[in-house]
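1. how does the following fold in three dimensions:
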Amino acid sequence: MSHIAPVPGAAPTELWYTRCPVPTTSGIAQHFGWLHQAFARQGITLASIRASDDPAVRQSHFDHTHPNMFREGGNAPPIWARANGQNTAVVGITWVDEEQVILVRPDSAVHTLADLKGRRLGLPKQITSEHIDVGRAQDLRGLLTALSLAGLRRDEVQFIDVATDDSGGLREQVEHASVRRHATSEALLAGQVDAIYAKGAVSASLIARYGLRVIVDFNQYADPLVRINSGTPRPITVDRTLALEHPQLVARYLAVLLRTAAWAREHPDEVVGAIAAETASGEDAVRRGYGPALHRSFEPRLSDDYVHALELQKNFFRDEGFLAGDIDFASWIVREPLELAHKLANALAAA
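-> Here you go, the predicted model:
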């Protein structure tokens with residue numbers, strides 16, 4: 001366990017945060033303004049990375065280069081950024097189980113995982129990208145999990161690259177998920193591939209819109225390790241310098257998330273509405289994509305099982321060539337801010 005000792009220095013007057021367009025505790029907390037309010041009381045402005053007009057600032061969602069920032073979301077970018085030398089720390093982890101499925105066309109002859117043998121599996125590939133190809137890493141993990149469950153080797157199927165383009169950069173959601181382009185489903189419907197991986201509200205929207213058929217849902221397996229992918233688990237990362245020099249600020253951020261998670265457990269319908277806004281999806285897609293236990297899934301933890309799952313995902317990225325090199329995983333986990341946040345949460349509520 002690393003030790004954090006405050007270092008004298010002026011506290012920043014502006015902090016930055018970013019979260020993926022998926023269910024995150026930070027997303028709920030910012031949706032209701034709780035994060036901004038908690039820091040405004042300290043005279044600190046909280047700004048959104050994804051809302052910035054500067055593409056270089058928005059790029060920090062992936063590479064974590066902007067100073068004084070927090071990130072919560074998919075695990076691929078923070079692992080990739082750490083492997084590229086960014087001095088970050090994991091200060092919490094959440095685990096939101098989401099629908100993870102293998103989809104085929106309604107008229108497909110593929111009905112079981114065993115039927116995937118000899119078939120063409122769609123695998124997205126970024127045309128232009130300065131960061132880890134998140135979609136490719138995610139879908140490869142899902143497809144390889146499906147093959148493993150079927151006892152199939154990767155050389156018993158054909159992976160078909162499907163070109164995708166995210167050159168515009170990540171912005172705050174402004175369009176509905178059901179009308180956003182989804183390259184691998186387009187390839188599936190066009191008959192160019194036989195099966196694809198999809199997850200969460202996106203998979204629910206694809207099923208509802210096109211009648212795609214599910215041949216396996218990973219959530220039917222009791223072993224949580226089967227469900228490890230880009231969204232499970234989701235780390236909360238922060239600049240290590242900020243954690244070292246101003247641990248109270250990091251703890252305050254996490255304390256708001258702890259309070260948000262406690263609120264979410266008592267407000268399932270409001271959670272669905274907030275996540276629908278965060279994911280630019282309909283509430284029905286959220287309910288199907290993330291299940292009835294969604295509201296109980298937002299507490300940041302650093303439990304042994306969460307940390308182990310994150311390390312397994314790091315190993316997957318390393319072994320599949322998505323990282324520049326390995327990382328010292330144990331030193332990446334910094335526990336003290338979350339421990340302090342538990343002590344601050346009650347005081348924050350009374351403020």
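
2. does residue 317 sit in a helix, a strand or a coil?
-> helix (DSSP: H, G, I helix; E, B strand; the rest coil).

3. could you check how far the closest residue to it other than its chain neighbours is from residue 155?
-> Distances taken as Cβ to Cβ, 6 or more residues apart in numbering put residue 323 closest to residue 317, at 5.1 Å, once the chain neighbours are dropped. For glycine as for every other residue, the C-beta is placed from the backbone atoms N, C-alpha and C. Distance, residue 323 to residue 155, by Cβ to Cβ, to the nearest Å: 23 Å.

4. between these two, which is the more surrounded one?
-> residue 323 (21 against 8; other Cβ atoms under 10 Å).

5. next, the contact list for the more buried one, please.
-> Residues in contact with residue 323 (Cβ atoms under 8 Å, 6 or more residues apart in numbering) are 79-80, 83, 132, 314, 317.

6. which intervals of this protein have sub-threshold pLDDT?
-> For the chain, the stretches flagged by pLDDT under 70 are 1-9, 166-180, 348-351.

7. switch the cut-off to 80
-> 1-10, 128-130, 165-181, 346-351 (pLDDT under 80).

8. what ranges do the strands span in it?
-> 14-19, 45-48, 69-72, 88-94, 100-104, 120-126, 158-164, 196-199, 213-217, 234-239 (DSSP state E).

9. so what are the sheet partners of the third one and their directions?
-> The one in question is strand 69-72. Using DSSP bridges, the strands paired with strand 69-72 in its sheet are strand 14-19 (parallel), strand 234-239 (antiparallel).

10. how about these in TSV, adding distance to residue 195?
-> Formatted as TSV, the strands paired with strand 69-72 follow (distance: least, Cβ to Cβ, whole Å):
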stretch	distance to residue 195
strand 14-19	30
strand 234-239	26
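
11. mind listing what's buried in stretch 150-168?
-> 150, 152, 157, 159-160, 162, 164, 166 (16 or more other Cβ atoms under 10 Å).

12. rewinding a little: of the strands paired with strand 69-72, flag the one that's most buried.
-> When you average the neighbours per residue for each of the strands paired with strand 69-72 (mean count of other Cβ atoms under 10 Å), strand 234-239 leads with a mean of 27.

13. how close does the residue most central in space within the chain sit to residue 98?
-> In the chain, the C-alpha nearest the mean C-alpha coordinate belongs to residue 74, at 2.1 Å (Cα atoms, centre = their mean). Distance from residue 74 to residue 98, counting by Cβ to Cβ: 11 Å.
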